[in-house]
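A.B. asks: here's a sequence, model it:
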Amino acid sequence: MQDQVARTPELIPATPLWRGPDSGPAAVVLAAQDRRPHELPGAWRPLERHFQLAWCAVPSGVVGELHRIEDVLETLADRNSRAHLVADAALVDIAVRLAAEFPGTVAGLVLVGPGTGTADVEVDAALPVHRLPATGVADAAAARQVQVLLDGADRRRPAAVVVPAARVGGSAWLPAGRG
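C.D. replies: Numbers count the residues shown, from 1 in each chain. Next up is the predicted model:
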C-alpha cells in the first residue's frame, strides 16, 4: 500500500464549466490550470449568448484522467453538435488525442501559445488546425478567433440525420432540426 501514491482531489480535473445554449456549435476549452474558474474569462462571455462553451481545467500531471473531458465531447456528440477544441500549448498532446477519439464531433483544433506550431502536430489531414500566438486560452485574441470559427461554416451546416421517408425502404438525409 505504501507504493501507491494517493491522488489529491485538486489533481483530478474539475467538472467542466458549461455556458451557453444546449445546441449549436461549441468550443471545448482545455485550460492548463489547477482549478475551474467560477465564471468564464471576460473575453469569452459574449460567446456564451450564441455558442455552447465547456471550460475544462486540466492540472499538470493528469493526462490519463480525462474522463470528464471525454464526457463533454460525448454530450456534444449526443446533441449532434460540432466543436472546436481550444487548447493551451501545454495541452496540445491531449487535444490531438481527443480529436482522434472524437472525429465526428471535433471540427477543428485551436492551439494557443508559444510552441504550438502545426508542423509537429499529427492529425487527420481534413481537420483544420489553427495556431494562435496569444498568451493563453483566456486571452481575448483566442476568444475572438474561436468566435470567427464558430460563426463560420459550422453554424450554417448542421449535422445530418437520417429520417425515414414516406416510401417503403427509402430514407432521406435532412439537416438536423429540419424534419
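A.B. asks: ok, then the element right after whichever strand or helix holds Val28?
C.D. replies: Val28 is part of strand 26-31, with elements assigned from DSSP states H and E. Downstream of strand 26-31, the next assigned helix or strand under DSSP H and E is strand 52-57.
A.B. asks: any buried residues in the following helix or strand past that following strand, and which?
C.D. replies: The helix or strand immediately downstream of strand 52-57 is helix 67-78, counting by DSSP H and E. In terms of neighbour count (16 or more other Cβ atoms under 10 Å), helix 67-78 has its buried residues at 68-69, 72-73, 75-77. Bear in mind the C-beta positions are built from the backbone N, C-alpha and C, glycine included.
A.B. asks: and the strand holding Val28, which strands flank it?
C.D. replies: Next to strand 26-31 in the sheet, as set by DSSP bridges, lie strand 52-57 (parallel), strand 83-88 (parallel).
A.B. asks: pLDDT on the last one, on average?
C.D. replies: Summarised as a single mean, pLDDT over strand 83-88 is 93.
A.B. asks: list the contacts of it.
C.D. replies: Residues from elsewhere that reach strand 83-88 (Cβ atoms under 8 Å, 6 or more residues apart in numbering): 25-32, 52, 54, 73, 76, 94-95, 98-99, 105-113, 136-137, 142, 146, 149-150, 154.
A.B. asks: what's the answer for the first one, then?
C.D. replies: Contacts with strand 52-57, where a contact means Cβ under 8 Å, 6+ apart, come from 13-14, 16-31, 33-37, 40, 44, 47, 68-69, 72, 76, 79, 81, 83.
A.B. asks: now that strand - C-alpha only, PDB.
C.D. replies: Written as PDB, here are the backbone C-alpha positions of strand 52-57 (Å, rounded to 0.1, in the frame of the first residue of the first chain):
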ATOM      1  CA  GLN A  52     -22.100  26.100 -26.300                       C
ATOM      2  CA  LEU A  53     -18.900  26.600 -24.200                       C
ATOM      3  CA  ALA A  54     -17.300  24.000 -21.900                       C
ATOM      4  CA  TRP A  55     -14.300  25.300 -20.000                       C
ATOM      5  CA  CYS A  56     -12.100  22.400 -18.800                       C
ATOM      6  CA  ALA A  57      -9.400  23.000 -16.200                       C
END
